Structure formats: structure tokens, C-alpha cells
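Engineer: Fold the following and give me the result.
(2 chains)
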2 protein chains.
Amino acid sequence: MKTKKLINAGADAVDEMLQGVLAAHPDHLYAVEGMPRAVIARNGPRKGKVGLVIGGGSGHEPTFLGYVGKGLADAAAIGNVFASPPPDPIMACAKAVDGGVGVLFMYGNYAGDVMNFDMAAEMLALDEIKVRTVLTTDDVASAPSDQREKRRGVAGNVFIFKAAGAACDLLYSLDEVERVARHANARTYTMGVALSPCSLPQTLKPNFLIGDGEMEIGMGIHGEPGTAREPLKSADAVTDELMDNILREMKADRGERVAVLVNSLGSTPMMELYIMMRRVKARLDAAGLIIHTSLVGNYCTSLEMAGASVTLMHLDDELRRLIDHPCDCAMFRR
Amino acid sequence: MKTKKLINAGADAVDEMLQGVLAAHPDHLYAVEGMPRAVIARNGPRKGKVGLVIGGGSGHEPTFLGYVGKGLADAAAIGNVFASPPPDPIMACAKAVDGGVGVLFMYGNYAGDVMNFDMAAEMLALDEIKVRTVLTTDDVASAPSDQREKRRGVAGNVFIFKAAGAACDLLYSLDEVERVARHANARTYTMGVALSPCSLPQTLKPNFLIGDGEMEIGMGIHGEPGTAREPLKSADAVTDELMDNILREMKADRGERVAVLVNSLGSTPMMELYIMMRRVKARLDAAGLIIHTSLVGNYCTSLEMAGASVTLMHLDDELRRLIDHPCDCAMFRR
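Structural biologist: Got it, this is the predicted structure:
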């Protein structure tokens, strides 16, 4: 059985999506001339400001396009579905947003992205554009805590990009933006659960198999294997399992503040996300932690995968200011 | 096979969702004491302002809760999944938001909602709270154009509530708010397509059956039968079918402006919505119509149903001003 999708030719899906994005949000976004996979913020880049370039594979919308705008990322390089962009659109993004004081690349820690962004950075060095890179590694299920550098970047991207984008908007130096980005990443923890697969537009076939009554804890946003395949539990029990892992690592003191994201992987509706949010709040209350801000909805998806993730960013005074800093993107605003 | 959901007991889903909503958005929303299904905007209601009360069944999130806030609705009365709220929370909403100059009830045209909101209005009259009612009837597939009053209200709610909420915020009189609401409804057109069903938390069984390669054009947001069951077509062909029906009725002149909403019914991802948006833009360009503003995403859902709807609001100077008026809701902002 093929998955039903509202698409035209599967191979055209990403480019047609991008045309739709520009049709819907012309005041916020434009593509570099002749390079449709390099999408730039109309009101972000400026002289003297570090340019923030994010990007990665498609299929996670509103990640990455939704986080391009004033006060957040300046540009996104867009790959095929679940595949890194090649160096060309990455370079085009960097050139379009370079304000003369350097560019920061931020993206999830995946081998293909690392290879392509690094190639772009090397070539940009020849043009005397200074590039630094910070990988996001918020997925606690993807490697042990003493191997944080091996972890994947997932929904926590939203808060990590937000903090770095605010630092850029406040005209921090490239050194300082890089420090903030690493600090934000180090204090952000995500864990997810998948209930059903998604399928790529080109194949229309499920990207993994899972039983009718099963869930997979810790599965990645491209269907990377998780830490346990289990019978589906109640929302409270699932949320507890995610929160146990996150809180064990986060080591926050009573009275401290967190930013919370309860994220749908695609087809899990808001009703279920808010039921999980209720339990997140109960667990945070019990730990004496304060919800400074919260997001609930589709923020980092895997096409139509069913499932959800919980992200906590452990705030300090600096991150709190950066998270509260205004931003204005086509699909996200504070 | 049962649908997998991240819930606890099915019967608790709506109340637990509401607890999660209040946990996530305490700065925007609160529930009336002892009446958790009456959700009120913290910064909306005030003396001398018409109170706007919306509501209906759950399962369409962010409709209705997402449209409660300053500049939009003042309160939402929340029913069980796909079922009208009873009169009690509706009355509690009206009393909480009454600014002494009357209350407007706005909701989709469904028999259960009409009965319960009308009962509430009658009882409120005894308390000398003046209530007017405007039903939304934007679903062009649900009755012929000469029987507009028989049509259902669907995703166009977003724009219609927005216009009425702006009129309330601008301190229009009850007569004027009612006029604006009827005018906004009369100029709003939605049509949808369903690809797969959803299931209620209590049953976990699909609410309709549809073949692997089929779609249903014009299906309602509770699975009400549509106008045609057809083999699934390309995104462009489906969008054309929706746009043909909408444009035939809208009768706009070249150079006029529209507000566009491409809405997911739940599990259809943003990639597909933007592919549809691309075609909507092509059709509007061909008709000489200007996209004044656009929304693309999950705005009026049917739990995890797959499918999408297209809404056009045919703007005039008055509606344009009201749509552009600022609003600040927990799940929606302009």
C-alpha cells in the first residue's frame, strides 16, 4: 500500500514546496537569484551583524525555513527530503547574509550535513568569509551523555537557533555568538517517541515498520533506531519516560527556569501534545522548576510521522534574555 | 486495528488537554472557576467592549482555543470531541466577557451547537445580557450557493473570527460587530479534501472508510460526506478542483485582494500544504487577484485526519483593515 500524499511528481516536491513558501511569505523570505535552495530573510542580514545560516534536509518543516527571519536565522540552505543540501546553496546563503564580521553555520549533527557545510566553509574561506560552525546535539536518546558530540540535533534546534539568532541580532561578535550557540546547545535536551512511520515523496513507502500496538522510544527524526521498542503506553507513562531521561541529565536546581517544547513529529494532533504538556508541567512542578515559556505544536516534524518529542532548555539569565528577544519569521514569532 | 494515540483514558482526553493548554499558556488563557470548559482571554474582555464568544466541539485544535486572545475572541466554550458544549460553559463564557454592551456568539453552523448556544442565549437574556449570534457557513461543498444558510462552518472560521474580533477590539457597537461578522462570513469560502479518516479518543476506530487510492472532495471536518469520492489526483489537480468551486462563487474583480488559508486537516504535512499554496498562487495570479496575506499550516483540524482545505476571504477595505488589526492569542498572532 502506498501512502497518499497531496503532491505532484515526487521528485519535484521540495522545489514546489519552496515556490509555495515564497508565494505565501514574500514579505519575509526570498531565494537567491538562480539558487532556489538558498532562502534568505528579508529583514535579518545587515552590515556589522554576524550572519546565521541554518539548514539541512527537507521534510522537517517548519524546520528550517520557519526559523529564518529578523532576530533568528538569516538564511536556510535546503536539501532534498531527509538529505543534506550540497555546498552551493550553503555558500550562496553565507554570501547573501555576510555582514563583514563572519558567519555562523548551525545545523543538526548528521554526517551528510557536516560534510557539505564543511566543504562550503572551506570554499568561503577562499573568499575571505570567516565561518564558524556549531552543531546541535540535543537528542539525548542518540548517544550516551559522555558522548554528547555524537548525538543528533532534533527539535531542540528551535530554542538553540533562537538563542544564537538573538545574539546575532544584538550584534554580538562572532566569538560571542559561537559561545552562546555552544552554551545554548549544551543546555538543551530532547527526547522523542514514534508511533508510526512516514514515507518519502519519491517512494511513498513507510521508512520503517512498527507493530499496531507498539511505539519506539528515542527514534530519530529520519527514522533512526531508538533505544527501545515497547507496547504503546499511556500519554502520562510515555511522557514520564521522556522526562526521566531529560531530567536525569539536566540536573537543574529547584527554582530554576526552563523553556519547554512539546513537538509533534507530524500527524500527532495538538490534543495529544497538550495532554503530554499537562504531564510535563506536573513533573516540572514536582521538581520545583518554573516554565518560563512553552511551545506546543508542529515545530520540527518528520513529514507525517506520528509521535512527539519533549524538549527542555535549562535557562540561565543569559539564555532567558535571548529566548525572550523578539523575532519575526514567517512561521514563528515572539 | 486500533489507532495509536498518546492519551490516557479516552474519556479524559478533552479535560486533560485543557489542563495542558492552561499549563502552557497561563499568560494568555484561564478557565472560569469551577467551569474548566469555559476558557477566557486574560487580555481581551473589558468594559464597553462587545464580548466575542466562540466555541464548539474539540478535536479541531487550534480551533477554537487558539483564537482566544486580545484582538480576537474573548472566550471559547469547549465541547467533547466533535460535540457541542452544553449551555453552562457557554453562559459562563458570556458572563466572564460581558463588558455591558452585549455579547456576540460565533460558531460553525451545526445543529448541536445551534441548540446549545441558543439555550444559553435565552438564559442570558434573563440576566439582561444581550446576545446576538452569527453562524459561520464558509464550506462551499456543504450546500448549494443559494442555500448558504445550510452550509457548515469550517476553516474559514479563522478569518471570520479575526474580522469580528478586531471589530470588538475597536469598540464597535453590538449592531456593528454583528454586521461585520455577517459581512466577513458572506465573503469567506472554504473547500476541503480528505485522504484518510481520524478516530475519536473514546473509540480509536476510524470515523469513515476510504480506499487506498481514493480521496473525498468536500468532506466535512467531522467526516460529513463530501461531494465526490474520486481516485487521488495530483496536488495541482486537487487544488484546481477546490479553487474552481471557490472562484466560481467568489466573483472577484481583477486587482482585488484576498486572504488565503491553506489548512491541514491534521496529518497532512507542511510540505504538501505549500505545494498546494504554489498552485493557489498560480490560480490567483491568472485571475488577477492579489494575495494580501496568507496562512499555511494547522489552523482547523480534524484530529489526525489526512487532507487539506483552501479558504479565500474576498477582502474589501473594511475587511482588509480588520484582518490587519493586531491580535495576540496563545497559538496565533498578527
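
Engineer: The stretch 201-334 of chain A: helices as residue ranges?
Structural biologist: In the stretch 201-334 of chain A, helices defined by DSSP state H, counting those that start in this stretch lie at A:235-250, A:270-286, A:317-324, listed in chain order.

Engineer: doesn't A:A75 make contact with A:G99?
Structural biologist: No - if you go by Cβ atoms under 8 Å, A:G99 and A:A75 don't touch, sitting 11.9 Å apart. Every C-beta, even on glycine, is put in place using the N, C-alpha and C of the backbone.

Engineer: Now do the shared contacts for these two.
Structural biologist: Residues touching both A:G99 and A:A75 (Cβ atoms under 8 Å, 6 or more residues apart in numbering or on different chains): A:45, A:51.

Engineer: Of all the helices of the stretch 201-334 of chain A, which one is nearest chain B?
Structural biologist: With distances scored as Cβ to the nearest Cβ, the stretch of the helices of the stretch 201-334 of chain A nearest to chain B is helix A:270-286 (3.3 Å).

Engineer: do the closest one and chain B meet?
Structural biologist: Yes - residues of helix A:270-286 contacting chain B under Cβ under 8 Å from any Cβ of the partner chain: A:270-278, A:280-281.

Engineer: Which elements pack onto that helix?
Structural biologist: helix A:235-250, strand A:257-264, strand A:290-297, strand A:306-314, helix B:13-24 (3 or more Cβ pairs under 8 Å, 6 or more residues apart in numbering or on different chains; DSSP states H and E).

Engineer: B:I160: which of the residues of helix A:270-286 next to chain B is nearest?
Structural biologist: A:M270 (20.8 Å; Cβ to Cβ).

Engineer: give me every residue that touches that closest one.
Structural biologist: Contacts of A:M270 by Cβ under 8 Å, 6+ apart are A:264, A:296-297, B:17, B:61-62, B:298, B:301.

Engineer: ok, A:D88 touching A:M35?
Structural biologist: Yes - taking Cβ under 8 Å as the definition, A:D88 is a contact partner of A:M35 at 6.8 Å.

Engineer: if you compare the helices and strands packed on helix A:270-286, which one is most tucked away?
Structural biologist: Mean neighbour count (mean count of other Cβ atoms under 10 Å in any protein chain shown) peaks for strand A:306-314 among the helices and strands packed on helix A:270-286, with a mean of 28.

Engineer: Run me through the strand neighbours of that one, direction for each.
Structural biologist: Its sheet considered, strand A:306-314 pairs with strand A:188-196 (antiparallel), strand A:257-264 (antiparallel) by DSSP bridges.

Engineer: Could you check the angle that strand makes with helix A:317-324?
Structural biologist: Interaxial angle, strand A:306-314 versus helix A:317-324 (axes from the mean of the first three to the mean of the last three Cα atoms, to 10 degrees): 130 degrees.

Engineer: Throw the contacts of A:M270 into JSON lines and include distance to A:C93 and pLDDT, thanks.
Structural biologist: Output for the contacts of A:M270, formatted as JSON lines (distance: Cβ to Cβ, whole Å; pLDDT from 0 to 100):
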{"residue": "A:S264", "distance to A:C93": "27", "pLDDT": "98"}
{"residue": "A:V296", "distance to A:C93": "30", "pLDDT": "98"}
{"residue": "A:G297", "distance to A:C93": "26", "pLDDT": "97"}
{"residue": "B:M17", "distance to A:C93": "39", "pLDDT": "98"}
{"residue": "B:E61", "distance to A:C93": "35", "pLDDT": "98"}
{"residue": "B:P62", "distance to A:C93": "32", "pLDDT": "98"}
{"residue": "B:N298", "distance to A:C93": "28", "pLDDT": "97"}
{"residue": "B:T301", "distance to A:C93": "33", "pLDDT": "98"}
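
Engineer: Quick check: the farthest pair among those?
Structural biologist: Of all pairs drawn from these, the greatest distance, 14.8 Å, lies between B:M17 and B:N298 (Cβ to Cβ).

Engineer: now the strands for the stretch 1-150 of chain A?
Structural biologist: A:29-32, A:35-41, A:51-58, A:69-70, A:75-81, A:103-108, A:131-136 (DSSP state E, counting those that start in this stretch).

Engineer: and of those strands, who's closest to chain B?
Structural biologist: strand A:51-58 (6.7 Å).

Engineer: Okay, buried residues for the closest one please.
Structural biologist: By neighbour count on 16 or more other Cβ atoms under 10 Å in any protein chain shown, the buried set for strand A:51-58 is A:51-58.

Engineer: Show me which of these is closest to A:L204.
Structural biologist: Nearest to A:L204 out of the buried residues of strand A:51-58 is A:S58 (Cβ to Cβ; 15.9 Å).

Engineer: give me every residue that touches the closest one.
Structural biologist: A:13-14, A:17, A:78-83, B:271.

Engineer: State the separation between the least confident helix or strand in chain A by mean pLDDT and the centre of the chain it belongs to.
Structural biologist: Using mean pLDDT, DSSP states H and E, the weakest-scoring helix or strand in chain A turns out to be strand A:332-333, at a mean of 87. Centre-to-centre, strand A:332-333 and its host chain are 14 Å apart (Cα atoms, centre = their mean, to the nearest Å).

Engineer: about what we covered before: format the strands paired with strand A:306-314 as a markdown table; extra columns: distance to A:F117.
Structural biologist: Listed next are the strands paired with strand A:306-314 as a markdown table, based on distance: least, Cβ to Cβ, whole Å:
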| stretch | distance to A:F117 |
| --- | --- |
| strand A:188-196 | 20 |
| strand A:257-264 | 24 |
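
Engineer: tell me the contacts of the spatially most central residue of chain A?
Structural biologist: Nearest to the mean C-alpha position of chain A, by Cα atoms, centre = their mean, lies A:N157 at 3.3 Å. By Cβ under 8 Å, 6+ apart, A:N157 lies in contact with A:54, A:63-64, A:67, A:108, A:136, A:138, A:300.
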